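>>> Need the 3D shape of this:
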Amino acid sequence: MHPAMRLWRAHGRCLEIGGQSLLQLADRIGQTPFFAYDRRLLDDRIAKLRQCLPAQVKLHYAIKANPMPALVQHLKPLVDGFDVASAGEMMIALDSGMQPAAIAFAGPGKTDLELRQAVAGGLLVELESEGEAKRLVKIADRSGYAARAAVRINPDFSLKGSGMRMGGGAQQFGVDSERVPQLVRQIVSAGLQFEGFHIFAGSQNLRSDIIADVQRQSVELALRLAERAGQPLHYLNIGGGFGIPYFPKDEPLDLEHVGEALGALVEMTASQQPQAEVVVELGRYIVGEAGIYVARVIDRKESRGQIFLVTDGGLHHQLAASGNFGQVIRRNYPLAIGNKFGAVPTETASVVGCLCTPLDLLGDRCELPAAEPGDLVVVFQSGAYGRTASPDAFLSHPAAVEVLV
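Okay, the predicted model is just below:
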């Protein structure tokens with residue numbers, strides 16, 4: 001059994017979620033496909049983070065990982081802040097009741113309208129370029145509202161071994177580190193309220209030693225740049241990048257090691273910038289393992305000796321599981337027949353969706369118990385970058401439902 005499946009409980013021979021069997025939940029929802037997120041697993045993950053990370057560290061949830069309003073509302077009292085990347089996410093964050101002072105707005109290509117909304121809402125705007133800084137100054141002057149600003153730094157290093165590198169070299173993200181001190185001085189002289197820095201070097205990394213090293217480099221760089229800019233830091237977001245195990249050979253992240261190394265960095269920051277709050281921004285690590293995608297087998301067919309389980313779902317809902325969301329070599333997400341959970345595999349079958357493309361492959365030659373039309377296929381590790389990261393309008397099939405149980 002894949003390590004990800006061990007987080008889940010069984011209800012007889014059926015997967016359990018939210019204290020009920022998957023079959024009961026499917027009947028309650030009334031349709032497939034659907035995404036389901038488990039409150040228990042969300043709570044457990046936050047508790048583990050609080051246990052392992054230094055108490056002084058502020059924990060932010062990156063809404064882009066999963067913006068379902070009910071899920072964001074559930075996380076609101078459990079985390080210290082939200083990170084958003086669009087006006088739509090900003091509205092979800094504010095609707096949750098999170099204090100605007102604890103919401104940061106990052107991402108390249110913010111429109112003038114989004115900047116005006118962020119300033120009026122009291123959010124911290126994380127500037128991605130000199131041009132964006134100039135636009136924010138003009139918007140603040142015209143609106144009469146105080147504008148809170150941080151600078152996102154494009155460092156001269158990246159998070160090696162990460163799913164996506166978002167730092168080092170030429171990037172659309174952030175301001176090149178060597179240009180940051182001058183920009184800070186410019187925005188301060190222009191009247192913006194400078195609060196600090198944001199550094200996000202990469203995502204989906206399972207190596208605690210690499211994460212710890214990048215966090216060290218991030219803190220050291222931020223402290224040097226603050227000194228060169230001659231400004232105190234009140235906010236230091238060192239990103240996240242914590243990965244979850246998707247594939248059979250993946251080992252879970254050693255969170256205890258990350259926390260121990262981060263403790264020394266918190267002390268270093270406090271000695272040089274005692275007013276600074278260190279923020280860790282996590283999305284996938286909080287929600288990724290707490291969600292499943294469920295589709296129903298519509299047809300079972302055999303083609304030249306290979307069994308295909310054709311479902312009513314597919315890549316239009318769960319693009320990442322099809323291997324078309326950043327995988328260089330396609331590998332299967334952990335997958336099971338949910339109403340035969342824990343049953344001994346008896347055959348090799350490929351699980352496909354209902355779209356007219358060979359890319360619509362949820363599981364390639366999986367070892368599964370024999371499945372028939374009506375059975376429920378479960379794709380694990382589906383809590384992050386699922387429905388909202390997928391082309392749900394492709395071929396105009398119905399959208400997947402989302403539930404929090």
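>>> Quick check: which ranges of this protein have low pLDDT?
158-171, 328 (pLDDT under 70).
>>> now for the lengthiest helix in the chain, which elements pack on it?
Criterion DSSP state H: the longest helix present in the chain is helix 208-229. Counting contacts by 3 or more CB pairs under 8 Å, 6 or more residues apart in numbering; DSSP states H and E, helix 208-229 is packed against strand 148-154, helix 180-189, strand 193-198, helix 255-272. Glycine gets a C-beta too; all of them are placed from N, C-alpha and C.
>>> what's the neighbour count on the nearest residue to Pro252 once chain neighbours are set aside?
Spatially, and ignoring its direct neighbours in sequence, Pro252 is nearest to Pro245 (5.3 Å; CB to CB, 6 or more residues apart in numbering). Here the number of neighbours of Pro245 (other CB atoms under 10 Å) works out to 18.
>>> Return the backbone torsion pair for Pro245.
Note on Pro245: backbone dihedrals following degrees, to the nearest 10 are phi -80, psi 120.
>>> Identify the residues contacting it.
Counting by CB atoms under 8 Å, 6 or more residues apart in numbering, Pro245 touches 2-4, 206, 251-252, 381.
>>> Narrow those residues to just the buried residues.
2, 4, 206, 381 (16 or more other CB atoms under 10 Å).
>>> Show me how the record splits the chain into domains.
3-37+288-404, 106-282 (automatic domain parsing).
>>> And the helices in the stretch 251-400 of the chain?
Remark: helices assigned in the stretch 251-400 of the chain by DSSP state H, counting those that start in this stretch are 255-272, 284-287.
>>> Name the SS class of Asn93, please.
For the record, residue 93 is Ala, not Asn. Using DSSP: H, G, I helix; E, B strand; the rest coil, the structure places Ala93 in helix.
>>> what number of residues lie near the nearest residue to Cys356 once chain neighbours are set aside?
Distances taken as CB to CB, 6+ apart place Leu395 nearest to Cys356, at 6.7 Å, with adjacent residues excluded. Using other CB under 10 Å, Leu395 is surrounded by 14 other residues.
>>> got a list of what Leu395 touches?
Taking CB under 8 Å, 6+ apart as the test, what Leu395 contacts is 316, 355-356.
>>> May I ask which of these has the most neighbours?
His316 (25 neighbours).
>>> residue contacts, Leu359?
Leu359 touches 315, 322, 324, counting by CB under 8 Å, 6+ apart.
>>> whoops, Leu94 was the one
With contact set as CB under 8 Å, 6+ apart, Leu94 has these partners: 100, 103, 121.
>>> quick one: which of those is nearest Gly288?
Closest approach to Gly288 among those (CB to CB): Ile103, at 21.7 Å.
>>> follow-up on the earlier one: tabulate the contacts of Leu359 in CSV, adding columns for distance to Arg50.
Supplementary listing: these in CSV, determined by distance: CB to CB, whole Å:
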residue, distance to Arg50
Leu315, 36
Ser322, 34
Asn324, 35
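>>> Can you pick out the ones from those residues that are in strands?
Of those, none are assigned to strands by DSSP state E.
>>> export those residues to TSV and tack on distance to Ala226 and neighbour count?
Listed next are these as TSV, based on distance: CB to CB, whole Å; neighbours: other CB atoms under 10 Å:
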residue	distance to Ala226	neighbour count
Leu315	44	24
Ser322	44	26
Asn324	41	16
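>>> which residues sit against the longest helix of the chain?
Here helix 208-229 makes contact (CB under 8 Å, 6+ apart) with 153, 155, 157, 159-161, 177, 180-181, 184-185, 196-197, 199, 201-202, 205, 232-233, 236, 238-239, 241-242, 253-255, 257-258, 261-262, 265, 268-269, 272-273, 278.
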